[in-house]
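Student: With the input below, show me the fold.
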Amino acid sequence: MRITTWNVNSIRQRQGHLLDFLRVEAPDVVCLQELKTTLDNLPRAEIEDAGYNVAAVGQKGFNGVALLSKHPIEDVREALPGDAEDQQARWVEGVISIASGVVRVASIYLPNGNPVDSEKYPYKLAFMDRLIAHARELMRLEEPLVLAGDYNVIPELRDAADPAAWEGDALYLPQTRARFRALMALGLTDALRACDEAPGRYTFWDYQAGAWQRDKGIRIDHLLLSPQAADRLEGVTIHKQERAKEKPSDHVPVTVRLRA
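Tutor: Numbering: from 1, shown residues only. Sure, this is the predicted structure:
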């Protein structure tokens, strides 16, 4: 079973890239972030024609997340619990039914948090606290769980080509990384790092300052696995070639392979 996460940075602008990826790579499940559209403008028919069911939460011009699955999607949750007043479209969760059982998958677009001296950073930290609380409840289900998405967190020095450039940034502040470690401490496994300890494994290259051409990337797109999912882990692929395409997203897809 292959599960992909991808911040497409506008599904309308990246529709061709997405449909090509679905055709060529054909993952079982795709977790999309930053759709930047309402659901009435989602290319649902084209995605369904490619063989995928869709569960999505949209927002005009901002945010937006989706689950695409070749298999039925059940028990869909369209918001991260813990703040009934939060209207930002940053979470969709569902249970994917396969022949051997079920896998619970969430597509997450965690807040960026910049500038840190604004209300955006406290919102990011509060969102992470809610994520930790919800993940703790999900872990009690003792089922295969994949929390996939754009976390806007650089976990370690080796996850940035130039760590000094990110000092003081919300993605790399000690409070941010401490909460990420608290999330991991629930018993989750970072799928990429379980398979590959090398530096230079990036998932995002900024559009500015020739970041892609100079390979000045960072790793902020993560797939975190419960023990039941980690037991099935076979490998992880970063689809770096997507960043070299014309008018790409600044993120690339990352795929985890789990034994079915």
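Student: does the most centrally placed residue in the chain sit in a helix or strand, and which one?
Tutor: Nearest to the centroid of the C-alpha atoms of the chain, with distances taken as C-alpha atoms, centre = their mean, sits residue 149, at 0.8 Å. Using DSSP states H and E, residue 149 sits in strand 145-150.
Student: Counting by contacts, list what the very next helix or strand once past that strand packs against.
Tutor: The C-terminal neighbour of strand 145-150 among helices and strands, as given by DSSP H and E, is helix 174-184. Secondary-structure packing of helix 174-184 (3 or more C-beta pairs under 8 Å, 6 or more residues apart in numbering; DSSP states H and E): helix 120-139. C-betas here are computed from N, CA, C, even on glycine.
Student: Could you list the low-pLDDT ranges of the chain?
Tutor: Applying pLDDT under 70 to the chain flags no residue at all.
Student: At which residues are the strands of it located?
Tutor: 2-7, 29-33, 53-57, 65-69, 73-77, 91-98, 101-109, 145-150, 189-190, 221-225, 233-238, 254-258 (DSSP state E).
Student: Tell me, how many residues neighbour the nearest residue to residue 48 once chain neighbours are set aside?
Tutor: Using C-beta to C-beta, 6 or more residues apart in numbering and skipping the chain neighbours, the partner closest in space to residue 48 is residue 54 (6.6 Å). Neighbourhood size, residue 54 [other C-beta atoms under 10 Å]: 18.
Student: show me what contacts residue 54?
Tutor: 42, 44, 47-48, 66-68 (C-beta atoms under 8 Å, 6 or more residues apart in numbering).
Student: could I get the strand holding residue 149 in PDB with only the CA atoms?
Tutor: The C-alpha trace of strand 145-150 is given here as PDB (Å, rounded to 0.1, in the frame of the first residue of the first chain):
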ATOM      1  CA  LEU A 145      -2.400   5.200  11.500                       C
ATOM      2  CA  VAL A 146      -0.600   7.600   9.100                       C
ATOM      3  CA  LEU A 147      -0.500  11.300   9.900                       C
ATOM      4  CA  ALA A 148       0.700  12.800   6.700                       C
ATOM      5  CA  GLY A 149       1.200  16.300   5.500                       C
ATOM      6  CA  ASP A 150       3.000  19.600   5.400                       C
END
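Student: Tell me which strands that strand pairs with, and in which orientation.
Tutor: Sheet pairing for strand 145-150, assigned by DSSP bridges, gives strand 101-109 (parallel), strand 221-225 (antiparallel).
Student: Just name the most buried of these.
Tutor: strand 221-225 (a mean of 26; mean count of other C-beta atoms under 10 Å).
Student: okay, the angle between that strand and strand 233-238?
Tutor: Put simply, strand 221-225 runs at 170 degrees to strand 233-238, going by axes from the mean of the first three to the mean of the last three C-alpha atoms, to 10 degrees.
Student: Report the angle between strand 221-225 and helix 120-139.
Tutor: Using the same axes, to 10 degrees: strand 221-225 against helix 120-139 is 30 degrees.
Student: how far does strand 221-225 sit from the chain's center?
Tutor: 7 Å (C-alpha atoms, centre = their mean, to the nearest Å).
Student: Just the C-alpha atoms of that strand, please, in PDB.
Tutor: Coordinates of each C-alpha in strand 221-225 appear next as PDB, following Å, rounded to 0.1, in the frame of the first residue of the first chain:
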ATOM      1  CA  ASP A 221       6.600  17.300   4.700                       C
ATOM      2  CA  HIS A 222       6.400  14.200   7.000                       C
ATOM      3  CA  LEU A 223       4.600  10.900   7.300                       C
ATOM      4  CA  LEU A 224       4.300   9.800  10.900                       C
ATOM      5  CA  LEU A 225       3.300   6.200  11.600                       C
END
